[in-house]
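>>> Structural data only, the sequence is not supplied:
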């Protein structure tokens, strides 16, 4: 019964660390909280059920048309400045 709860605990821990990252003043504590958050997200994703993997894949495919900054747009804007 504990196994399905463990990935949720890792997700909660990662989100809590991201909150602490935003509120930290010192560089060392910011680096440590960001590192722990990344480790918890990766570890939680590794031990998650396959249905969670499919859900994440569907979410990624849904948001692939967002207007992100691409390398080609950066190159075009840098050429316009010259």
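It's in. Please read these numbers as outputs of a predicted model, since none were measured by experiment.

>>> So for residue 14, what's the nearest residue that isn't a sequence neighbour?
Closest residue to residue 14 apart from its sequence neighbours, by Cβ to Cβ, 6 or more residues apart in numbering: residue 40 at 3.9 Å. (Glycine included, C-beta is placed from N, CA and C.)

>>> can you tell me the helix or strand for the one you found?
helix 27-47 (DSSP states H and E).

>>> Residue 14 too?
Residue 14 belongs to helix 5-23, assigned by DSSP H and E.

>>> same question, residue 60
Using DSSP H and E, residue 60 falls within helix 50-62.

>>> Over to residue 25?
For residue 25, there is no helix or strand it lies in under DSSP H and E.

>>> burial count for it?
Residue 25 has 6 neighbouring residues, counting by other Cβ atoms under 10 Å.

>>> follow-up on the earlier one: next, the buried residues of the helix holding residue 40.
Neighbour-count burial for helix 27-47, counted by 16 or more other Cβ atoms under 10 Å, picks out 33, 36-37, 40-41, 44.
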